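A.B. asks: Sharing a model that was predicted from the sequence below.
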Amino acid sequence: MQIKLLIVDDEVDVCDYAKSFFEERGLKVFTSLNGEGALEIIKRDKPHIMLLDVKMKGIDGIEVLKKAKEIRPELEIIMVTAVEDEGKIAEAKNLGARDYVTKPLVLDELESTVCSLADQLGAKSRK
Ligand SMILES: [Mg+2]
């Protein structure tokens with residue numbers, strides 16, 4: 001099974017950079033620059049993992065997290081925060097987020113957080 005990753009960030013550079021990084025690692029990648037588009041992709045393409053920016057114009061990452069969990073409870077969500085924002089991180093975890101990474105994105109951190117989760121999901125699907 002190819003793991004599908006949805007990247008949601010209102011900065012186009014972040015989406016492009018993370019997309020090519022994860023495509024090189026064998027994931028099928030979708031991107032959205034806003035929450036509304038992300039929810040459409042979740043319904044249509046059924047991603048397994050979402051990398052979700054907290055700070056976005058329009059509906060923010062916390063609202064997207066809530067709606068995404070209603071639409072697709074099994075979706076694994078990793079929040080992306082611009083700073084160490086402990087309040088938001090705690091809130092996101094209470095709402096079902098799996099983990100978080102901080103900006104600026106560090107490739108090693110992305111790789112260990114997202115790719116190890118993708119490996120786990122892939123292994124589960126093979127059982
Ligand atoms: Mg942002």
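C.D. replies: Alright, I've got the coordinates.
A.B. asks: Kindly report the residues of this structure close to the ion.
C.D. replies: The interface of the chain toward the ion, taken as C-beta under 5 Å from the ion, is made up of D10, D53, K55, M56. Just so you know, the C-beta spots here come from the backbone N, C-alpha and C atoms, and that holds for glycine as well.
A.B. asks: wait, the third one sits on A82?
C.D. replies: Yes - here K55 reaches A82: they are 5.7 Å apart, a contact under C-beta atoms under 8 Å.
A.B. asks: neighbour-wise, which of the two wins?
C.D. replies: Comparing K55 with A82 by other C-beta atoms under 10 Å, the one with more neighbours is K55, at 17 against 13.
A.B. asks: so what's that one up against?
C.D. replies: D10, G61, T81, A82 (C-beta atoms under 8 Å, 6 or more residues apart in numbering).
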